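Colleague: can't give you the sequence, but here's the structure:
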């Protein structure tokens, strides 16, 4: 049987049908039009958003609602003339703030009626600064989220997190999982007295602090509710659309060589 679809109209004039499937959205981002793909997996309670930037960089954001974990995977194309690999993969693992993205169940029910329309977010949530002070063992981090070893398999030497958030995850776990193995498999990174790559000159072998901004130009950040009355005349509140947002994050982390952060030049 085909899924039943119910249309909702948001204030931003985006019309969605409640159906199972992925959402492909044309998004305007600083004068450019990008194509975002957002996929929901209700069975494991996760949402994945990905889009390619015009310079070839591929951004993936995965939210694991079960563990309050979100993972940002960035694939950056290398510069062949400088002897770099074809690309490098970087992962940032951070704590997810509930309420910053609609649930996987609600996401699975969204589908555009006019897929050719270029969307713009209703709210800009600004920029969050995130300093990452530990590197993670990718396979050992599966206790934090089973998605980390899968998504970050190519970032074995470049998966980063914040120690204080790892301690929060450890204290919140109630399923009996032993997260102490995480602390033994993570490595602390220098955070003080390290020159920023932008200021380290052209010495490509010099260790430095790398700065990478990751922006999600459009995502469903909340549900909208309207007020009405049911058949008996009783006042009710019902879901009538979504709210869309934009948010950027400035990630700062230590790299062993400046050549791993050439976008700072």
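Modeller: Arrived safely. Here the structure is a predicted model, which is why all the values come from computation and not from measurement.
Colleague: switch to C-alpha atoms for all contacts and neighbour counts from now on
Modeller: Fine.
Colleague: just give me the residue closest to the centre of the chain.
Modeller: The residue lying closest to the centre of the chain (CA atoms, centre = their mean) is residue 61, at 2.7 Å.
Colleague: so it, which of the three states?
Modeller: Following DSSP: H, G, I helix; E, B strand; the rest coil, the label given to residue 61 is strand.
Colleague: separation between it and residue 113?
Modeller: For residue 61, the distance to residue 113 equals 24 Å [CA to CA, to the nearest Å].
Colleague: quick check: residue 33 vs residue 52, distance?
Modeller: Here residue 33 is placed at a distance of 11 Å from residue 52 (CA to CA).
Colleague: mind listing the residues bridging to residue 26?
Modeller: Per DSSP bridges, the residues bridged to residue 26 are residue 35, residue 118.
Colleague: who's in contact with it?
Modeller: 33, 34, 35, 36, 115, 116, 117, 118, 119 (CA atoms under 8 Å, 6 or more residues apart in numbering).
Colleague: min pLDDT across those residues, which one?
Modeller: Among the contacts of residue 26, residue 115 carries the weakest pLDDT, at 86.
Colleague: is it true that it touches residue 27?
Modeller: No: checked against CA atoms under 8 Å, the pair residue 115 and residue 27 is beyond contact range at 10.8 Å.
Colleague: quick one: which of these two has more around it?
Modeller: residue 27 (21 against 15; other CA atoms under 10 Å).
Colleague: and the residue nearest to residue 57 when sequence neighbours are not counted, how far is that from residue 208?
Modeller: Nearest residue to residue 57, sequence neighbours excluded (CA to CA, 6 or more residues apart in numbering): residue 76, at 4.8 Å. Separation of residue 76 from residue 208 (CA to CA) stands at 18 Å.
Colleague: go on, residue 35?
Modeller: From residue 35 to residue 208 the distance is 33 Å (CA to CA).
Colleague: quick one, which of the two is more surrounded?
Modeller: residue 208 (26 against 14).
Colleague: low-scoring stretches of the stretch 1-150 of the chain, by residue?
Modeller: 1-21, 80-85 (pLDDT under 70).
Colleague: 80 instead, please
Modeller: Of all residues in the stretch 1-150 of the chain, those with pLDDT under 80 make up the ranges 1-21, 78-85, 111.
Colleague: and the strands in it?
Modeller: Under the criterion DSSP state E, counting those that start in this stretch, the stretch 1-150 of the chain contains strands at 7-9, 15-17, 23-29, 32-41, 46-52, 58-64, 69-77, 87-95, 118-119, 123-131, 134-135.
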